[in-house]
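Chemist: predicted model and sequence follow; I will ask about them next.
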Amino acid sequence: MKYSIDRFNIIVGIVLAIVALAGIVGSYQLSIAQSSQLSTAPVTVSSSTVESPTVQFALTVQDAKTPLAFVYNSQENPTLYVHKGDVVKVALTNTGMEPHDFTLQGYNLKTKVLSSGQSDSIIFKADMTGTFTYYCSVPGHKDVGMQGQFVVE
């Protein structure tokens, strides 16, 4: 009988130790969560944060002749204008035969390289003013004219 009581006490002791340890870990995690909520450090939002677009450009590709071009509203390599603070969506559909992408210099953004018939888009906040070059980064395409200007006013 004494053996059963000792064994019982050991088991109870182990259970109490586990419960106490769980309580310490739980309150430590709660303490970390509460202190991170109270942090006054500024939060930096990157230009790639996804929000609802306020300006949208649906571009296609012209590669049946030279120069290669992005096409928007029947214009080849148009200058795209936005205002600072706009959330911009640039959608590219490769209607050509060669692979293409859309790369926006200065913002360091780009779509995937797309095969014929594929589409991709980028959404970003225009948080820097200036004139930036957009182009196709497939080797040689920018050199034969597949580029334009993106202006943030």
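Modeler: Cool, got the structure.
Chemist: wait, doesn't residue 124 sit right on residue 88?
Modeler: Yes - between residue 124 and residue 88 there is a contact under Cβ atoms under 8 Å: 5.9 Å. Just so you know, the C-beta spots here come from the backbone N, C-alpha and C atoms, and that holds for glycine as well.
Chemist: mind listing residues that contact stretch 67-81?
Modeler: Outside of stretch 67-81, the residues within contact range by Cβ atoms under 8 Å, 6 or more residues apart in numbering are 57-63, 90, 92, 96, 98, 100, 102, 134, 136, 141, 144-151, 153.
Chemist: any of those residues buried? List them.
Modeler: 57, 59-63, 90, 92, 96, 98, 100, 102, 134, 136, 141, 145-148, 150 (16 or more other Cβ atoms under 10 Å).
Chemist: so which of those residues are in strands?
Modeler: Residues of these located in strands (DSSP state E): 57, 59, 60, 61, 62, 90, 92, 134, 147, 148, 150.
Chemist: neighbours of the nearest residue to the fifth one once chain neighbours are set aside, how many?
Modeler: Read that as residue 62. Sequence neighbours aside, residue 69 is the residue nearest to residue 62 in space, at 4.5 Å (criterion: Cβ to Cβ, 6 or more residues apart in numbering). Under the neighbour criterion other Cβ atoms under 10 Å, residue 69 is assigned a count of 24.
Chemist: residue 112 now?
Modeler: Residue 112, neighbours per other Cβ under 10 Å, totals 14.
Chemist: quick check, it in contact with residue 101.
Modeler: Yes - contact criterion Cβ under 8 Å: residue 112 and residue 101 qualify, at 6.5 Å.
Chemist: overlap in contacts of those two?
Modeler: Looking at what touches both residue 112 and residue 101 (by Cβ under 8 Å, 6+ apart), the common residues are residue 120.
Chemist: what sits up against stretch 91-103?
Modeler: So stretch 91-103 is contacted by 56-64, 68, 70, 90, 109-122, 134-138, 141, 146 (Cβ under 8 Å, 6+ apart).
Chemist: one more: stretch 107-121?
Modeler: By Cβ under 8 Å, 6+ apart, the list of residues contacting stretch 107-121 reads 47-48, 89-104, 122, 124, 128, 132, 137-138.
Chemist: one more time with 7 Å
Modeler: Contact with stretch 107-121 is made by 47-48, 89-94, 96-97, 99-104, 122, 124, 132, 137-138, as judged by Cβ atoms under 7 Å, 6 or more residues apart in numbering.
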